[in-house]
Structures are given as C-alpha cells and as structure tokens.
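Sharing a model that was predicted from the sequence below.
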Amino acid sequence: MIELNVRTIYYEPDKPILENISFAIKKGETAVLTGASGIGKSTILKMIAGIHKGYDGRVSLPENSRIAFISQNNSLLPWKTVYDNIVLLRKVETGQADKKSAQKLMESLGLSGYEKQYPLFLSGGQYQRTALGQAFFYEPDIILMDEPFSALDAKTKREVQQVFLNLQKQRNITALLVTHNPEEAEYMGSRIINLNSEKYGKEETP
C-alpha cells in the first residue's frame, strides 16, 4: 500500500505548490492522478519515488519496495536492442537476467521477433511496449507512470493500455498513473484522485 499524508509540497519552503494531500492506494490497485497541467501531479510521483524531497508530511511505502518509473519521454538506451533494454534494470541490479523469462514477457507484450531491433526503428507502440517490458521485468512492487501513453494514436494507445492492465493484474502490482485525459483516467483507473477538487487529494470513483 502507498499512503500519503502531506501538509505541503514545495520547491521553496515558503511557496507551497500543493497542500493537504491525503490518499492511500491498496496493493494491486491501479489509481489515477488527474488535474490541470502544472498542478503538481508529476511532483507527487517523484515524491513517492523518493526523488523529490520538498514536502512536509509523511509518505509510507511497504518496506524494501521496488519501484519502476515510466515517463512520457522514456529513455530507452538507443545503442541497446529491445531485449537488452528490457533486461537492463535487472542486469544492473543483479548482473544477470533469465533469458526465458524475458522472452516470455516479450511475447506477452507482442514484441516477439523484435529482440534484436533498436529503439530508433520501433514504432511508437513498440517503443512503449519495450518501456513497459523494462519496468515489468524489473519485478517491481510499484509502478509509477507519468503520461506514458500520451504520444500514441488512439488505437495504439488502447492496445498498449490493455497490455499494461493485463500484466499489472496478473502480477498484482500497485500502480499510480498521472494523466490529464478523463477518458484515459476512467479506462485505466479503479479509482481517480482529482487534484482539481476543492480539497486537494479528494478521491473519486469512476
């Protein structure tokens, strides 16, 4: 479970960007964080990931949680193949990767046959599937996503979203998605946390 009980979030202590953020996300749930551009959605993700330290309050995660972060502008290494990008985080951490497990995951992602392809030659959908593969192969407890599907056309977006939801449910991973798209929020989320509400942190059920 992810629990936030934060009084202020800031870049400068005397200039809060958000106040009174309070919500909890259950194990295996896919929650969606919505709100206007610039309101602080991405900052909340960075705070949960431990990247942003400017806040007053409490962020609680299960002990030794493994977190994967997928952003709008994913940074797949262009000089590495699809396979090498997918196993990258695991190999950095442990020095090895199970090839059969990686191949099975690529099959689930619709990437069979693209193992030796480089990111430059992938379509937008294939690129995002590879980014998802990298995150899932890391075997995280939590996946944080910052507008990861926004650059895709409508058909490809829905296909990649469904691939994500299938894998997330199979593996019982807790997920928090940032989006400003109401349709995407309703499709992806079991719960919506709306930062535009009168009380920041108010939860809405789609």
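It's in. Numbers count the residues shown, from 1 in each chain.

CA atoms for contacts and neighbours, from now on please.
OK.

Show me the strands in this protein, by range?
Along the chain, counting by DSSP state E, strands occupy 2-12, 15-25, 30-34, 55-60, 67-71, 142-146, 174-178, 191-194, 203-204.

and those strands as a markdown table, adding mean pLDDT and distance to residue 43?
Putting the strands of the chain into a markdown table (pLDDT from 0 to 100; distance: least, C-alpha to C-alpha, whole Å) gives the following:
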| stretch | mean pLDDT | distance to residue 43 |
| --- | --- | --- |
| strand 2-12 | 90 | 8 |
| strand 15-25 | 88 | 10 |
| strand 30-34 | 93 | 11 |
| strand 55-60 | 92 | 10 |
| strand 67-71 | 89 | 12 |
| strand 142-146 | 94 | 10 |
| strand 174-178 | 94 | 10 |
| strand 191-194 | 90 | 15 |
| strand 203-204 | 40 | 18 |
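
Go through those strands and name the closest to residue 158.
Across the strands of the chain, residue 158 has its closest neighbour in strand 174-178 (14.7 Å, C-alpha to C-alpha).

Show me what the top helix by length along the chain packs onto, helices and strands only.
Using DSSP state H, we find that the single longest helix of the chain is helix 154-171. In terms of contacts (3 or more C-alpha pairs under 8 Å, 6 or more residues apart in numbering; DSSP states H and E), helix 154-171 is packed against helix 124-137.

can I get the CA coordinates of the helix it packs on in PDB?
Coordinates of each C-alpha in helix 124-137 appear next as PDB, following Å, rounded to 0.1, in the frame of the first residue of the first chain:
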ATOM      1  CA  GLY A 124       5.600   4.500 -31.000                       C
ATOM      2  CA  GLY A 125       3.600   1.500 -29.800                       C
ATOM      3  CA  GLN A 126       6.600  -0.900 -29.900                       C
ATOM      4  CA  TYR A 127       8.700   1.700 -28.100                       C
ATOM      5  CA  GLN A 128       6.200   2.000 -25.200                       C
ATOM      6  CA  ARG A 129       5.800  -1.800 -25.100                       C
ATOM      7  CA  THR A 130       9.500  -2.100 -24.700                       C
ATOM      8  CA  ALA A 131       9.400   0.500 -21.900                       C
ATOM      9  CA  LEU A 132       6.700  -1.500 -20.200                       C
ATOM     10  CA  GLY A 133       8.800  -4.600 -20.600                       C
ATOM     11  CA  GLN A 134      11.700  -2.900 -18.900                       C
ATOM     12  CA  ALA A 135       9.500  -2.000 -16.000                       C
ATOM     13  CA  PHE A 136       7.800  -5.300 -15.600                       C
ATOM     14  CA  PHE A 137      11.000  -7.400 -16.000                       C
END
